[in-house]
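In: Below is the sequence, then the predicted model.
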Amino acid sequence: GAVVSQHPSWVICKSGTSVKIECRSLDFQATTMFWYRQFPKQSLMLMATSNEGSKATYEQGVEKDKFLINHASLTLSTLTVTSAHPEDSSFYICSARDLGRIRTNTEAFFGQGTRLTVV
Amino acid sequence: GQNIDQPTEMTATEGAIVQINCTYQTSGFNGLFWYQQHAGEAPTFLSYNVLDGLEEKGRFSSFLSRSKGYSYLLLKELQMKDSASYLCAVRGGTSGGKLIFGQGTELSVKP
């Protein structure tokens, strides 16, 4: 099946620094990728929709200047958490949409997630 | 607005059957998904419904009623490894195909 690789799996950073998370579709092209955030014992909250070659679409309440998204190719999207603070500590998950399987049950695949801890 | 509701937690016994309900109110509808998520891991796909009725896949079945904005996930012959969070997600009618998730149901399977 299709694979989405997310890197790193976990990261610890100091408050005030920036962290970049990568999401790659390994065996399919993804014009659209989604970034989610999940706090402990809560569900996935969609942060933004990343579109290849254009600006990301952010959900209400998500600061676009703090969570920078770049989708420069059909297989790679990156999320950069800028000037991270302890409250940004969370589980970040990406999902990629398979162009070849639009509107089917296997349309989107999830990365393995990134556990970010800001100290 | 968009709203997806499911129970926060459920407990069931090994070997039993459990039904996890999900109700939704969304802007448009292009399918409902159920995912299983173990702590610290990404969700894994369980089922997909876009038409009314029951979809069966091994020990797992999922039902959808679009007119009622209602779905359930049925797990049969429960095993200890089924202890996990079960997420209901709806793909809205707007372009982009983004999924909106419910808060998840934490299922505990006891011996």
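Out: Arrived safely, thanks for sending.
In: rest of the way, CA atoms for contacts and neighbours
Out: Noted.
In: Other residues contacting the helix or strand of chain A with the lowest mean pLDDT?
Out: Using mean pLDDT, DSSP states H and E, strand A:108-110 stands out as the lowest-scoring helix or strand of chain A, at a mean of 82. Residues from elsewhere that reach strand A:108-110 (Cα atoms under 8 Å, 6 or more residues apart in numbering or on different chains): A:2-4, A:93-98, B:42-44.
In: can you pull the contacts of B:Arg66?
Out: B:51-52.
In: Go again with 10 Å.
Out: Contacts for B:Arg66 (Cα atoms under 10 Å, 6 or more residues apart in numbering or on different chains) come out as B:23-24, B:29, B:31-32, B:49-53.
In: Let me see the mean pLDDT of the helix or strand just after the least confident helix or strand of chain A.
Out: Counting by DSSP states H and E, the next helix or strand C-terminal to strand A:108-110 is strand A:114-118. Regarding strand A:114-118, the rounded mean pLDDT is 97.
In: Can you list the helices and strands that strand A:114-118 packs against?
Out: strand A:10-13, strand A:19-25, strand A:32-38, strand A:90-97 (3 or more Cα pairs under 10 Å, 6 or more residues apart in numbering or on different chains; DSSP states H and E).
In: So the residue in chain B that chain A sits nearest to: helix, strand or coil?
Out: Nearest to chain A in chain B, going by Cα to the nearest Cα, is B:Gln103, at a distance of 4.5 Å. The three-state label given to B:Gln103 by DSSP: H, G, I helix; E, B strand; the rest coil is coil.
In: Also the one 5 residues further on?
Out: Reduced to three states with three-state DSSP, the structure at B:Ser108 is strand.
In: Find me the pLDDT at B:Gly40, would you?
Out: 84.
In: Wait, it touches A:Gln42, no?
Out: No - using Cα atoms under 10 Å, B:Gly40 is not in contact with A:Gln42; the gap is 11.8 Å.
In: burial measure for A:Gln6, as a count.
Out: 23 (other Cα atoms under 10 Å in any protein chain shown).
In: Return the residues in contact with it.
Out: So A:Gln6 contacts A:21-25, A:76-78, A:92-95, A:110-114 (Cα under 10 Å, 6+ apart).
In: Could you do B:Glu41 as well?
Out: Applying Cα under 10 Å, 6+ apart, the residues near B:Glu41 are A:9, A:91, A:93, A:111-115.
In: likewise B:Lys57?
Out: B:46-47.
In: Give the bridge partners for it, please.
Out: Taking DSSP bridges as the rule, B:Lys57 bridges to B:Phe60.
In: Check B:Ile100 too.
Out: With DSSP bridges as the rule, B:Ile100 is bridged to B:Val90.
In: And it, how close does it get to A:Glu87?
Out: 23 Å (Cα to Cα, to the nearest Å).
In: Tell me which of these two has more neighbours.
Out: For B:Ile100 versus A:Glu87, neighbours defined as other Cα under 10 Å are more numerous around B:Ile100 (22 against 10).
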